[in-house]
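Asker: Whatever this is, show me its structure:
(2 chains)
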Amino acid sequence: MKTSGLRVDVRGLEFSYDSAPLLQEIDLQVERGDMVALVGPNGAGKSTLLRCLARALRPRAGVVLLDGQDIGRLPVRQIARRVGVVPQVQTLDFDFTVEEVVAMGRYPHLGRFGRPGPHDLRAVREAMDATRTSGVSGRPVTALSGGEQQRVAIARALAQEPQLLLLDEPTAHLDIRYQVEVMELLARLNREKALTVIAAVHDLNLAARYFRRFVLMTGGRVLATGTAREVLQPDLIRRAYGVEVVVIDHPVLGCPVVLPAGAEGNGYGQG
Amino acid sequence: MRTLTAAARRATGATARIQRQRLLIASLALLVLATLVVGVAVGAVTVSPRGILGALGLGEPPPDLERDIILKLRLPRVLLAALTGGSLGVAGALFQALFRNPLADPYLIGASSGASLGAVLAIALSLEFHLFGLGAVPLLAFAGSTGTVLLVYALARERGQLSVLTLVLAGVAVSSFLAALVSLLTYLTADERLHQIVFWLMGGFGGASWNGVRLALPYFLVGSLTAMAFARDLNAFLLGEQTAHHLGVDVEQTKRWVLAIASLLTGVAVASGGVIGFVGLVVPHVVRMLGGPDHHFVIPAAALAGASTMMLADAVARWVLAPAELPVGLVTAMTGAPFFLYVLRHRRHMRFFGEGS
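Answerer: A predicted model of the protein is given here:
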């Protein structure tokens, strides 16, 4: 798969549903090949921002540019050829096989009547290999575990051969082994193909190990951007999450680790 | 995936599934031919298959009476049943995809009550006009069906977007109201028009003519072929509107087109045969169970299976109480429901994907 990342520019983005503003004055620049974690409490606007980036929502104001092009003016299929999205929830009521679902990732490239060719097949196979879903390729998606379904969703997005990958809580249903696996996969794709990755992640410590840049959101606004070390500061986290934390260095990897502190806990483990 | 090498196909396991789908389509095509012959042969007067071939010019022509029965009565009727069944099969598949619900049927958003109102009005008011060689009843049935769907669509549209949930709710509300009107009209009607109303509401192909077949055929062909053009969009749609959007599908446009095609097919079906239930619900469902949800398979399979089912139901309707006729809708309801329950209970053994699931 040949890919190289997209540059994303967000200027003055605002979005509201009826009268409640969900995003306000969002300005953001993501360079080609950047790997960005969107963090923040529930309701901060992470999902909303991702959906605006994917053109699933139309903003009330502001603009989103992909490599300088306004996505509001691009046809949806063109966007889908360059932007892969892994949403938070998947409705799977129909028993397509894993392979049929992943192969749908080629639709943006095939159009309405195009026939899949060797290149399409290879893209599908590579996507399944990368997500370790080849083993279940013939099984119906409805028979998979939550974690397996998540990996299939990622495979589908990868089959699109995107230049920008947007993920909404990609590790939500995964156990720790697969959480690491998915993150390693994203990191590898980012490294090898300079794929731009923007992911909403709820696990701050997992994100700190893999994401070069952090965007901390709260109340529909961007509170801070920077490296993990710059953003994962106790006072910023207190302002965003309303919780007291200490930040230490990972004993092996050196990256920041956020630990809740100041709550009473249950009295275990002390002394 | 037909342009791939055999080795590449094996590598992905696509061969077995596609082969099975092809086999199913071929079997269904044969089934259509078989039920066509059965349909023409059965009735108050049993006609032999040789007689059928003869009437069609393939062999010794049968006696005049038999020939007339075949060509003037049976064939148009059976063909109309086939077109109606095929239309309902495809419409059902489209509605099930649109609502992402395997229990949706073509009458979900008011097509049947609208058609009923139109037909009952025509009968109750003894309207007698003809357009394109069609009588008042089928014309008003079609108009009622299409008009109701348009109304429900207009009610469900909010800010340029169509929520399928709102569509269903609006459909239920409008359906109930129209059904009440139909009941009122039925109550106020006496004499033999009442019998006509009741008979129409139960569905049947008694009044079939070559004209009806000629008119229904293009609608069925255009509707089915257009539906096939949306096969990919519908597949993506089954994964959810968000995911479909992310795959480059214009979701709102797809909804509008699919709704239009499905409603057109349903309108033609009710105009041709009255309100015949269960075919639009069961046929796509069973077809999906046998061959998977890919619409490149489901749409043609539903058309073929729907045609066979309807021809068979019509044959049963003519045979069970011969020389009297049962309404076809009665046959489909009485056999469709238990059949569906049976399939529901044994679906695990009938699942297409037997391995490892």
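
Asker: CA atoms for contacts and neighbours, from now on please.
Answerer: Fine.

Asker: closest point of the stretch 1-150 of chain A to chain B, which residue?
Answerer: A:Arg77 (3.8 Å; Cα to the nearest Cα).

Asker: what about that residue, distance to A:Asp120?
Answerer: 16 Å (Cα to Cα, to the nearest Å).

Asker: Give me the more crowded residue out of the two.
Answerer: Higher neighbour count among A:Arg77 and A:Asp120: A:Asp120, with 22 against 19, using other Cα atoms under 10 Å in any protein chain shown.

Asker: The more buried one - that's part of a helix, no?
Answerer: Yes - applying DSSP: H, G, I helix; E, B strand; the rest coil, one finds A:Asp120 inside a helix.

Asker: isn't it right up against A:Gly105?
Answerer: No - A:Asp120 lies out of contact with A:Gly105 (Cα atoms under 8 Å); the separation is 9.3 Å.

Asker: those strands in the chain, which residues are they?
Answerer: I went with chain A, as the question did not name one. If DSSP state E is used as the criterion, the strands of chain A fall at A:8-17, A:20-30, A:35-39, A:61-66, A:69-70, A:83-86, A:164-168, A:196-200, A:213-218, A:221-226, A:245-249, A:256-260.

Asker: switch to chain B, that's the one I care about
Answerer: Under DSSP E, chain B gives strands at B:157-158, B:161-162.

Asker: Report all helices and strands that the last one contacts.
Answerer: Using 3 or more Cα pairs under 8 Å, 6 or more residues apart in numbering or on different chains; DSSP states H and E as the contact criterion, the secondary-structure elements in contact with strand B:161-162 are helix B:251-273.

Asker: got a list of what whatever residue of the stretch 101-250 of chain B ends up closest to chain A touches?
Answerer: Closest to chain A within the stretch 101-250 of chain B is B:Gly248: 3.8 Å, counting by Cα to the nearest Cα. Contacts of B:Gly248 were listed using Cα atoms under 8 Å, 6 or more residues apart in numbering or on different chains, and they are A:76-81, A:107-108.

Asker: who wins for neighbours among those residues?
Answerer: Highest count within these by other Cα under 10 Å belongs to A:Ala80, 29 neighbours.

Asker: Mind pulling the model confidence for it?
Answerer: With respect to pLDDT, A:Ala80 scores 95.

Asker: Enumerate the residues of the stretch 51-200 of chain A near chain B.
Answerer: Contacts of the stretch 51-200 of chain A with chain B, taken as Cα under 8 Å from any Cα of the partner chain, map to A:54, A:56, A:76-81, A:83-85, A:87, A:90-96, A:99, A:104-105, A:107-108, A:112-113, A:115-118, A:125, A:137-140, A:143.

Asker: tell me the angle the longest helix along chain A makes with strand A:35-39.
Answerer: If you go by DSSP state H, chain A has its longest helix at helix A:176-193. Computed with axes from the mean of the first three to the mean of the last three Cα atoms, to 10 degrees, the direction of helix A:176-193 lies at 140 degrees from that of strand A:35-39.

Asker: Show me where the chain dips below the pLDDT cut-off.
Answerer: With no chain named, the answer covers chain A. A:1-3, A:263-265, A:267-271 (pLDDT under 70).

Asker: switch to chain B, that's the one I care about
Answerer: In chain B, residues with pLDDT under 70: B:1-14, B:44, B:347-357.

Asker: Repeat the analysis, applying 50 as the threshold.
Answerer: Within chain B, the stretches with pLDDT under 50 are B:1-3, B:7, B:9-11, B:352-357.

Asker: in the lengthiest helix in it, what's buried?
Answerer: For chain B, the longest helix by residue count, based on DSSP H, is helix B:14-41. Buried positions in helix B:14-41, judged by neighbour count with 16 or more other Cα atoms under 10 Å in any protein chain shown: B:14-15, B:17-18, B:21, B:24-25, B:28-29, B:31-32, B:35-41.
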